[in-house]
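[1] pasted the sequence and its predicted model underneath.
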Amino acid sequence: MNRRAFLATGAATLGTAVAGCLGRGSADAYDVAMVSDGFVPQSTVEVPDDAPSWVPRDVPTLEVTVGDEVVWENTGARNHTVTAATQRHAEVEELLGISQDGGHSHASFLPEGASFFSSGDFENEVAATKSFIEELNGGGVIPPGERYTHTFEVAGWYHYFCIPHLPAGMMGNIHVRE
Ligand SMILES: [Cu+2]
């Protein structure tokens, strides 16, 4: 049984009180696994109707609280990135030669006062994507077994994606509660 399956089974069997011990706060736990073609949060929530309309409804959504550190771990065998999506998402799709027609908005909006975030610490998603295209192991790729962490200090909705697997729909949402 792999680790992720074990954690999922353990959380389901032992209930929420114990599930908390398996999440943030445990030194070797992670919040979102990166598998071959997707982000798999330890727990997901439905996107409520009153969320902003640009938030994709059909991608895995993790809910945390302001000040929480979110840990992504590459549990798969391919390189991935964690890259925030902003108003420049259409430029990224153009650079990658894809067109999204799955009902996703082409613009995502960081909460007011929130900073862009990405593995590799790029200035924005376009710079990250150009780096991925132009440089060997560029773009902030996270190799198998490695992690990326980001602390969310501003409440609101965030959408993010993996540069190499955006064409395959590798995307996620983070909802940061007050
Ligand atoms: Cu990926």
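    Yep, that arrived.
[2] would you mind listing what in this protein touches the ion?
    Proximity of the chain to the ion, by C-beta under 5 Å from the ion, involves residues 80, 162, 165, 170. From N, CA and C alone the C-beta is placed, and that goes for glycine too.
[3] residue 175 looks like it's in a strand, true?
    Yes: Residue 175 forms part of a strand when assessed by DSSP: H, G, I helix; E, B strand; the rest coil.
[4] you'd agree it is up against residue 61?
    Yes: at 6.1 Å, residue 175 counts as touching residue 61 under the criterion of C-beta atoms under 8 Å.
[5] the two: who's more crowded?
    A count of neighbours by other C-beta atoms under 10 Å puts residue 61 above the other of residue 175 and residue 61, at 24 against 19.
[6] contacts only, for that one.
    Listed by C-beta atoms under 8 Å, 6 or more residues apart in numbering, the contact set of residue 61 reads 41, 44, 45, 46, 47, 172, 173, 174, 175.
[7] mind checking the backbone torsions on it?
    phi -120, psi 120 (degrees, to the nearest 10).
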